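Visitor: Have a look; sequence and predicted model below, questions after that.
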Amino acid sequence: MSAHRLTEGIAVRGLSKSFGAVPAVDNLTFDAAPGTVTGFLGPNGAGKSTTLRMVLGLIRPDCGTSTIDGQSYHELPVPAAVAGAALDAEGFHPGRAGRTHLRIYCHTSGVPLQRADDVLDMVGLANAAHRRIGGYSLGMRQRLALAVALLGDPRTLILDEPANGLDPEGIVWMRTLLRQFADEGRTVLVSSHVLTEMQHLADNVVIIDRGRLLYQGPVNQAPVIDVRTPQADVLRVSLAHRDGVTIDQPAPDRLLVTGLDATAVGRTAFEAGIELAWLAERTGNLENLFFALTAAER
C-alpha cells in the first residue's frame with residue numbers, strides 16, 4: 001500500500017432514516033478518525049448496515065449528513081481513490097474468474113489493469129485468480145470483496161462483517177492488514193459482531209442500538225458511569241465543567257460519563273439537589289460494556 005496521505009476521516013451528523021413507520025437510524029452522530037480503526041457495533045437490527053449504506057450514498061437519509069474526507073460520497077471526484085467498501089461477500093458472477101471480476105472493476109473505476117493482480121496478491125488470492133468464483137469458499141469471497149475495496153488504493157475503508165467466514169488464520173491476517181492500513185494514516189470503519197476481535201483490532205468503537213448512539217470512545221476506556229435521572233440536562237451542566245470529563249447522552253434521562261468515578265458523580269448530583277434513578281459503573285472491558293449498554297435498551 002502507498003505512503004501516508006492526508007485524510008479527514010468519516011463524519012456522520014444527525015443521520016436519520018425510517019422505512020415506513022419503522023425508524024432504522026435515529027439522529028446518529030459519530031466520527032471515524034484517520035489513523036485509527038473504528039469498530040461499529042450493535043445487535044442485529046441496530047441500524048449498522050443502513051448507516052454504512054447511507055455513508056456510501058446507497059440509501060438516501062431522511063435527514064442529516066455524512067462525509068468522507070469532508071465531502072459526501074456523491075461529491076467525490078474519484079470515489080475509488082477515496083473510499084473502498086466491502087458490504088457483503090455476495091453478488092459475484094459464479095462463472096467469472098476472480099481476476100476477471102477485478103479487471104471489470106478496474107475498467108469502471110479508472111484503475112490500471114495491473115492493480116487487479118496487485119490486490120489479489122495482497123489478499124492472498126493470487127493462486128486462485130484464474131478459478132471461477134462459484135468455487136470459492138465464503139472466506140475466499142470475503143477476501144475478493146476486500147480486494148475490490150482496495151483497488152483504488154483508497155484513503156478510507158468501510159467494511160461490514162469482513163471476518164465472516166474466515167478461519168482463525170484468516171482473522172489474524174485481516175486484523176494485520178487493517179492495522180497496517182490505519183497505521184499509514186488512513187481511516188478504517190468496520191462493522192462486526194465479534195466483540196473479542198474488536199477488542200484486539202479497534203482503537204475506538206461506536207456502539208448503537210435501535211439506530212441511536214449509545215457510546216463512542218476508546219476500546220480500552222476508563223470505566224463508564226451510567227446514570228439516569230429526570231434532571232439529566234441539569235446534571236450534565238454540573239458535570240461538564242470538570243476537567244477530563246466526557247459526557248454522552250443516549251436518552252433524555254440518561255448520561256454516560258467518563259473521567260469520574262461513581263462516587264464523584266453521585267456527590268455532584270447530591271450537592272446540586274438532583275434526584276438519581278440509577279447509578280452504575282461499567283467496567284472497561286468491551287464485551288461487558290456492550291452488553292450492559294444494549295441490555296439497558298431492551
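Guide: Great, that's in hand.

Visitor: What is the neighbour count of the nearest residue to G98 once chain neighbours are set aside?
Guide: Leaving out its chain neighbours, the residue that sits closest to G98 by C-beta to C-beta, 6 or more residues apart in numbering is A129, at 5.1 Å. Glycine gets a C-beta too; all of them are placed from N, C-alpha and C. For A129, the neighbour count with other C-beta atoms under 10 Å is 18.

Visitor: Could you do L58 as well?
Guide: Using other C-beta under 10 Å, L58 has 13 other residues around it.

Visitor: Look at it and give its secondary structure.
Guide: Classification of L58 using DSSP: H, G, I helix; E, B strand; the rest coil returns coil.

Visitor: gap between it and L52?
Guide: Taking C-beta to C-beta, to the nearest Å as the measure, L58 falls 8 Å from L52.

Visitor: the strands in this structure, which residues?
Guide: If you assign secondary structure with DSSP state E, the strands in the chain sit at 10-19, 22-32, 36-41, 63-68, 83-86, 156-160, 187-191, 204-209, 212-218, 224-228, 246-251, 254-258, 278-282.

Visitor: Tell me the buried residues in the last one?
Guide: Residues of strand 278-282 classed as buried under the neighbour-count rule (16 or more other C-beta atoms under 10 Å) are 279, 282.

Visitor: re the thing from before, quick one: residues contacting the residue nearest to G98.
Guide: Applying C-beta atoms under 8 Å, 6 or more residues apart in numbering, we find A129 in contact with 97-99, 117, 120.

Visitor: of all these, which two lie farthest apart?
Guide: Taking C-beta to C-beta as the measure, the contacts of A129 span a maximum distance of 12.2 Å, between A97 and D117.

Visitor: Kindly tell me how buried T156 is, as a neighbour count.
Guide: For T156, the tally of surrounding residues (other C-beta under 10 Å) stands at 24.

Visitor: wait, isn't it in contact with D69?
Guide: Yes. The pair formed by T156 and D69 meets the contact definition of C-beta atoms under 8 Å, at 7.0 Å.

Visitor: follow-up on the earlier one: scan the contacts of A129 and report the most crowded one.
Guide: Highest neighbour count within these: G98, with 26 neighbours (other C-beta under 10 Å).

Visitor: That one is in contact with G134, isn't it?
Guide: No. In this structure, G98 sits apart from G134 without contact. The criterion is C-beta under 8 Å, and the distance is 10.8 Å.

Visitor: Pick out the residue closest to the middle of this protein.
Guide: F40 (3.1 Å; C-alpha atoms, centre = their mean).

Visitor: Kindly state the beta-bridge partners for the nearest residue in space to it that is not next to it in sequence.
Guide: Of all residues not flanking F40 in the chain, S191 sits nearest, at 4.3 Å (C-beta to C-beta, 6+ apart). Beta-bridge partners recorded for S191 (DSSP bridges): F40, D160.

Visitor: any idea how far S191 lies from R115?
Guide: The spacing between S191 and R115, counted by C-beta to C-beta, is 26 Å.

Visitor: got it, and L213?
Guide: L213 sits 37 Å away from R115, taking C-beta to C-beta as the criterion.
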